[in-house]
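Peer 1: attaching a predicted model along with its sequence, questions to come.
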Amino acid sequence: MSYLFCSNLRNSKRNPKKKAAKDARWKRNLAVPADRKYPELNASAVGEAGAKRAAFDDDYYMQVYALNKDLCPDPSYAVEFGLVRAEAVRLGWGDGSYETDYVESDLDAKKVFESDKQKINAKTPSAKRAAWLIPMVSEFVLRTVGHHYVFENESLYRDAHDSIMKACNAQEVTRLMPRGLLYYSVLHWTGYMTPYKVAGLHTKDDVLPKALVKRHTYLPPAPALITFVAQVGKHMGSNGYTYDGQSNFETNMKKVIRMAEIVRKDPIKYHPYSGKYKITPMHAAEQTEFDDVKEAAIQMAPVARAFVAVVMPSSYLIRAKQLKTAADRGSWTFTAAKREFTDQQLQKHFDTLDI
């Protein structure tokens, strides 16, 4: 998934009928009892540390389970659906307002829970891990792939989620229910900013799998491309390499390096769907500047990757997905730039010889 695709997603008009049909089939708000206050937690308390609290007791747990079980889009996974939601509320996910419905309490909640007890006991370990990890995994996919789970391009989003679950050694979670239910329907109401904050609070301890800790610093697609091109630009400058094959290359590189420093400070602001994080988006002037620099970075990416391929082939930048995707769109420029940097490299080698 490229920054170009993300930009098209953001700027294209969504088909209201298709969205309504998708929501009707897959989207389910969290249901909680109207006679109880939602047990919201600050991000710093979300997780097992905050799971035991007075505002959340066994009765509330069973209410959440019973009220949500029958909301599952696929009745075959009703127990798993209700259980994951109950575990997620227990851990402190959700703010009690986003995609949350307050409904009449289920007077038979305990009976419903007890009747499913055998299956609940069997599924609880996986449901606990799902409730803990998936909000952060889905936030990572939104942040780096560019969108939440998209059914029209399901294989891409399924694989993006699955690869992280595998890296977290949590493959058993993927067997709980079909991917659309697991990665979209059951926990979409948890939102994205809180999972992002929670992951950020645990980069120095062992609360999260290392795979999630490592990925917390990954940038959205366009900011990632800008920072990769900027890193290459700094290497070019410090090693005396130049490129004259594009007009205003040096001027544009300075703009890219400056923008890279800006987006690093607040990467979510520069996400094409920053509104999903409930933050103030870029104002018009910021958006214009960012879009201009992004386009410059796209044009410069083949040159940047050519430099990496010739001068620093062992660098992690050679594997940078966003850089490769953009470079592949300018194969002629990439080839010409490789030739130019090879000539410059040879000249530098000859200059060091004492002949």
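Peer 2: Perfect, thanks for sending it.
Peer 1: strands of this structure, residue ranges please.
Peer 2: For the chain, applying DSSP state E gives strands covering 30-33, 100-103.
Peer 1: quick one: the last one to chain centroid distance?
Peer 2: Meaning strand 100-103. Using Cα atoms, centre = their mean, to the nearest Å, the mean C-alpha position of strand 100-103 is found 27 Å from that of the whole chain.
Peer 1: how about the first one?
Peer 2: Here strand 30-33 is found 26 Å from its chain centre; the criterion is Cα atoms, centre = their mean.
Peer 1: got it, and stretch 323-338?
Peer 2: Distance, stretch centre to chain centre, for stretch 323-338: 27 Å (Cα atoms, centre = their mean).
Peer 1: flag every buried residue along it.
Peer 2: For stretch 323-338, the neighbour count (16 or more other Cβ atoms under 10 Å) marks 323-327, 330, 333-334, 336-338 as buried. Quick note: C-beta positions are derived from backbone N, CA and C, even for glycine.
Peer 1: okay, those in CSV with pLDDT and distance to V150 next?
Peer 2: Below are the buried residues of stretch 323-338 laid out as CSV (pLDDT from 0 to 100; distance: Cβ to Cβ, whole Å):
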residue, pLDDT, distance to V150
L323, 93, 24
K324, 94, 22
T325, 92, 18
A326, 91, 22
A327, 91, 25
G330, 92, 27
T333, 95, 31
F334, 95, 30
A336, 95, 36
A337, 96, 34
K338, 96, 35
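Peer 1: and the two most separated of these?
Peer 2: Distance extremes for the buried residues of stretch 323-338: the farthest pair is T325 and A336 at 19.0 Å, using Cβ to Cβ.
Peer 1: show me what contacts the residue nearest to G200 when sequence neighbours are not counted?
Peer 2: In this structure, G200 finds its nearest non-sequential neighbour in H216, 5.8 Å apart by Cβ to Cβ, 6 or more residues apart in numbering. Neighbouring residues of H216 by Cβ atoms under 8 Å, 6 or more residues apart in numbering: 140, 199-200, 203.
Peer 1: again, only using 10 Å
Peer 2: 136, 139-140, 143, 196, 198-203, 208 (Cβ atoms under 10 Å, 6 or more residues apart in numbering).
Peer 1: same deal with I268?
Peer 2: Neighbouring residues of I268 by Cβ under 10 Å, 6+ apart: 139, 143, 192-193, 196, 219-220, 223, 274, 276-277, 279.
Peer 1: how far does stretch 169-185 stretch from start to finish?
Peer 2: With Cα to Cα, to the nearest Å as the measure, stretch 169-185 spans 22 Å from end to end.
Peer 1: related to what we said a few turns ago, from the contacts of I268, which is closest to D35?
Peer 2: M193 (28.2 Å).
Peer 1: could you report the neighbour count for the spatially closest residue to the closest one that is not a sequence neighbour?
Peer 2: Excluding its sequence neighbours, the residue lying closest to M193 (Cβ to Cβ, 6+ apart) is Y277, at 4.4 Å. Y277: 20 surrounding residues under other Cβ atoms under 10 Å.
Peer 1: cool, F341 as well?
Peer 2: Neighbour tally, F341, other Cβ under 10 Å: 21.
Peer 1: for the residue lying closest to it once chain neighbours are set aside, give me its contacts.
Peer 2: Of all residues not flanking F341 in the chain, V310 sits nearest, at 4.2 Å (Cβ to Cβ, 6+ apart). Applying Cβ under 10 Å, 6+ apart, we find V310 in contact with 241, 337-345.
Peer 1: tell me which of the contacts of H216 fall in helices.
Peer 2: Mapping the contacts of H216 onto helices (DSSP state H) picks out 136, 139-140, 143, 196, 198-201.
Peer 1: need those in JSON lines (columns: pLDDT).
Peer 2: Listed next are the ones in helices among the contacts of H216 as JSON lines, based on pLDDT from 0 to 100:
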{"residue": "M136", "pLDDT": "97"}
{"residue": "E139", "pLDDT": "96"}
{"residue": "F140", "pLDDT": "95"}
{"residue": "R143", "pLDDT": "93"}
{"residue": "Y196", "pLDDT": "95"}
{"residue": "V198", "pLDDT": "95"}
{"residue": "A199", "pLDDT": "95"}
{"residue": "G200", "pLDDT": "94"}
{"residue": "L201", "pLDDT": "94"}
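Peer 1: out of these, what pair is the most spread apart?
Peer 2: Greatest spacing in the ones in helices among the contacts of H216, by Cβ to Cβ: R143 and L201 (16.2 Å).
Peer 1: any idea how far H271 lies from A284?
Peer 2: H271 sits 17 Å away from A284, going by Cβ to Cβ, to the nearest Å.
Peer 1: neighbour-wise, which of these two wins?
Peer 2: Counted by other Cβ under 10 Å, H271 and A284 do not tie: H271 has more neighbours, with 25 against 7.
Peer 1: now the residue nearest to the more buried one when sequence neighbours are not counted, what are its backbone angles?
Peer 2: Using Cβ to Cβ, 6+ apart and skipping residues adjacent in sequence, the residue nearest H271 is P220, 4.3 Å away. Dihedral pair for P220: phi -60, psi 160, per degrees, to the nearest 10.
Peer 1: so who does P220 touch?
Peer 2: Shown in contact with P220 (Cβ under 10 Å, 6+ apart): 3, 6, 142-146, 226, 263, 267-274, 322.
Peer 1: all helices of the stretch 101-250 of the chain, in order?
Peer 2: Ranges of helices within the stretch 101-250 of the chain are 109-115, 117-145, 154-167, 179-180, 193-201, 210-215, 221-238, 249-265, based on DSSP state H, counting those that start in this stretch.
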